[in-house]
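Novice: Only the shape, not the letters, is given here:
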């Protein structure tokens with residue numbers, strides 16, 4: 001949808017992030033139907049443009065509007081996600097210059113769980129492009145986002161901010177490597193084939209560590225293996241053979257627990273120890 005740009009438009013950022021909300025709480029604030037969320041926000045009130053940045057560690061709204069009414073934003077957000085009991089006390093709010101400063105920190109990786117990580121820059125780019133392709137923004141927000149993305153790229157080029165372990169995945173692999181003297185000889189299982197799992201796989205491959213990869217569908221595991229690395233195995237085999245595994249990396253969006261007490265209890269009868277990373 002097109003908006004009428006005036007000198008009176010203001011920028012508002014409203015967010016729930018890992019800084020104040022544990023992951024299991026943060027998930028309740030996510031928009032399951034992202035297009036519905038955009039449509040609802042843009043057809044109610046004075047909101048003219050909208051970008052939603054939604055990752056496993058944050059849900060952020062960047063809104064161009066004529067009149068700022070944060071409580072109204074919370075109300076719309078609550079209705080979309082059908083939040084009944086959760087309040088927005090965990091939310092952070094920034095206006096205009098402060099919102100721009102936050103976006104700059106975001107694209108530079110300064111707001112990330114792992115400072116300087118590269119993943120967030122791509123996530124912001126994709127959220128921005130999605131909004132532009134679907135006409136959820138006009139010309140006010142693009143001016144701000146284009147500059148912020150350029151700054152994020154420039155910071156990574158001109159500084160050492162993103163050197164070393166710059167993702168949760170690479171940090172997890174580093175921890176495992178530091179714990180085991182014979183890391184390359186360990187039996188490693190990666191559960192998941194998404195973005196987080198890809199970062200783990202790349203870190204393992206860089207260290208020449210062999211690993212099995214499992215997904216809810218075997219075809220997805222095979223596709224992941226052919227493009228990223230690892231040996232695909234069936235999902236049910238992965239969950240029933242923990243006793244043959246030394247290290248497990250879990251990076252999925254499954255709404256239920258994959259590594260249960262019973263599965264671990266049974267495998268520990270045959271296994272001297274196991275390291276598990278829940279990403």
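Specialist: Everything's here; your move. Quick caveat, the model's predicted, so the values are computed rather than measured. Numbering: from 1, shown residues only.

Novice: What average pLDDT does the helix or strand where residue 153 lies get?
Specialist: Assigned by DSSP states H and E, residue 153 falls within helix 140-158. Per-residue pLDDT values across helix 140-158 average out to 94.

Novice: for stretch 249-262, same thing?
Specialist: Mean predicted lDDT for stretch 249-262 stands at 80.

Novice: Tell me where the model's unsure across the chain.
Specialist: 1-7, 162-166, 255, 269-272 (pLDDT under 70).

Novice: domains of it?
Specialist: 10-158, 168-278 (automatic domain parsing).

Novice: Reformat those as TSV; add mean neighbour count.
Specialist: In short, each C-beta sits where N, CA and C put it, glycine included. Putting the domains of the chain into TSV (neighbours: other CB atoms under 10 Å) gives the following:
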stretch	mean neighbour count
domain 10-158	17
domain 168-278	17
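
Novice: Break down the stretch 1-150 of the chain into its helices, ranges please.
Specialist: 23-26, 34-42, 70-81, 96-108, 119-133, 140-158 (DSSP state H, counting those that start in this stretch).

Novice: what's the fourth one in contact with?
Specialist: Residues from elsewhere that reach helix 96-108, judged by CB atoms under 8 Å, 6 or more residues apart in numbering: 10-13, 15, 53, 60, 62, 94, 111, 116, 120-121, 124, 144-145, 148-149, 151-152, 155-156, 161.

Novice: Of the helices of the stretch 1-150 of the chain, which is nearest residue 199?
Specialist: Across the helices of the stretch 1-150 of the chain, residue 199 has its closest neighbour in helix 119-133 (7.1 Å, CB to CB).

Novice: how big is the angle separating the very next helix or strand once past the helix holding residue 153 from helix 119-133?
Specialist: The helix or strand immediately downstream of helix 140-158 is helix 168-179, counting by DSSP H and E. Per axes from the mean of the first three to the mean of the last three CA atoms, to 10 degrees, the angle that helix 168-179 makes with helix 119-133 is 160 degrees.

Novice: my guess is residue 38 contacts residue 131, does it?
Specialist: Yes. Between residue 38 and residue 131 a contact is recorded at 7.4 Å, counting by CB atoms under 8 Å.

Novice: which residues do these two both contact?
Specialist: With CB under 8 Å, 6+ apart as the test, residue 38 and residue 131 both reach 50, 52.

Novice: so what secondary structure elements neighbour the helix holding residue 153?
Specialist: Secondary-structure packing of helix 140-158 (3 or more CB pairs under 8 Å, 6 or more residues apart in numbering; DSSP states H and E): strand 10-17, strand 47-55, strand 58-65, helix 96-108, helix 119-133.

Novice: now what about the second one, what contacts it?
Specialist: The contact list for strand 47-55, computed with CB under 8 Å, 6+ apart, reads 3-5, 9, 30-31, 34, 37-38, 41-42, 59-66, 106, 119-120, 123-124, 127-128, 131, 136-138, 140-141, 145.

Novice: go with 7 Å
Specialist: Strand 47-55 has contacts (CB atoms under 7 Å, 6 or more residues apart in numbering) with 3, 9, 30-31, 34, 37-38, 41-42, 60-66, 123-124, 127-128, 131, 136-138, 140-141, 145.

Novice: That strand: partners in the sheet, and parallel or antiparallel?
Specialist: Using DSSP bridges, strand 47-55 pairs in its sheet with strand 58-65 (antiparallel).

Novice: okay, the angle between the partner strand and helix 70-81?
Specialist: 130 degrees.

Novice: quick one, strand 58-65 and strand 10-17 angle?
Specialist: Going by the same axes, to 10 degrees, strand 58-65 makes 170 degrees with strand 10-17.

Novice: quick one: contacts of strand 58-65?
Specialist: Contacts for strand 58-65 (CB under 7 Å, 6+ apart): 9-18, 26, 29-30, 46-53, 103, 140-141.
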